[in-house]
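J.: next input, structure requested:
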Amino acid sequence: MGEKMDIKNIKKLELTKNKYHKIKIIFIIIIFFIIIINLSLFSYKYIIMNKIWKANVGVEFGNNFKITIYENKHDIPSQYIYYKDGIKKIISANDSNKSSYQLITKDKYYLINDYFKTYLLKTTKDKNITYCPEKMNMFRYYSEILSNEKSTPLSIKSVLFSKVKLKKGEYEGKKYFIFEQGNERMYLNPNTFLVEIILSLPIERGQYTKLQVDINAVTEDLIIPNLENYTEEI
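T.: Next up, the predicted model:
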């Protein structure tokens, strides 16, 4: 009788062990799939963020292009940026006479006012002056998000700890790839990944910025004017 009870207990123990063994295997499988899913999501995020990074940092538009900046939703320009053969010219769209403008070369910065016949001259070594070579950082015109100068791939750490939301969506009937972080939402061209629009959230009250890039649109030569009859401001 005692032997039968021992055999019965042994069988129960084996069944219990098998049960917990199966539970352990199922738990390991679940953990494994969770890890795989998270790795897949991270890999996708890393690949997309690097595509966005490479498309907007160190982007080459050549030696002739025009950038129109809009800061409202009515397609009224706020600023024009022209670049041709090593010279950048910036004009505020609010200046109806276009009498005041900036000229930036690799070495010098000019702020010229044709109406008052004055100019300000600095060197581009000034940290507040940004030269605009063929390779540009498009993030500079939108946001401080990812505004590093280098076009090298993003580090795994920077992507891992970045609170970035990536998704596809539409804005005013046009399809975009959406990059959202904090209170800013960037709309990127789904084919080129170039940033086209940024909105500060909430959208209803937020700031709106849009860039339009036109290649080979500068028809006139950009030159430094004769400033002999101008007064230099100090």
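J.: can you map out the helices along the chain?
T.: Secondary structure of the chain (DSSP state H): helices located at 2-56, 156-160.
J.: quick one: closest of those helices to Val213.
T.: Between Val213 and those, the shortest separation by C-beta to C-beta is 11.3 Å, and it involves helix 2-56. C-betas here are computed from N, CA, C, even on glycine.
J.: now the helices of the chain in JSON lines, with mean pLDDT?
T.: Output for the helices of the chain, formatted as JSON lines (pLDDT from 0 to 100):
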{"stretch": "helix 2-56", "mean pLDDT": "78"}
{"stretch": "helix 156-160", "mean pLDDT": "69"}
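J.: Leu120: which of the ones you listed is closest?
T.: Nearest of those to Leu120, taken as C-beta to C-beta: helix 2-56 at 30.4 Å.
J.: nearest to Glu196, of the helices of the chain?
T.: Between these, helix 2-56 lies closest to Glu196; by C-beta to C-beta that is 10.5 Å.
J.: so what's the gap between that closest one and the chain middle?
T.: Taking C-alpha atoms, centre = their mean, to the nearest Å, one finds helix 2-56 lying 38 Å from the centre of the chain it belongs to.
J.: picking that back up, need the helices of the chain in CSV with mean neighbour count, can you?
T.: Output for the helices of the chain, formatted as CSV (neighbours: other C-beta atoms under 10 Å):
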stretch, mean neighbour count
helix 2-56, 12
helix 156-160, 12
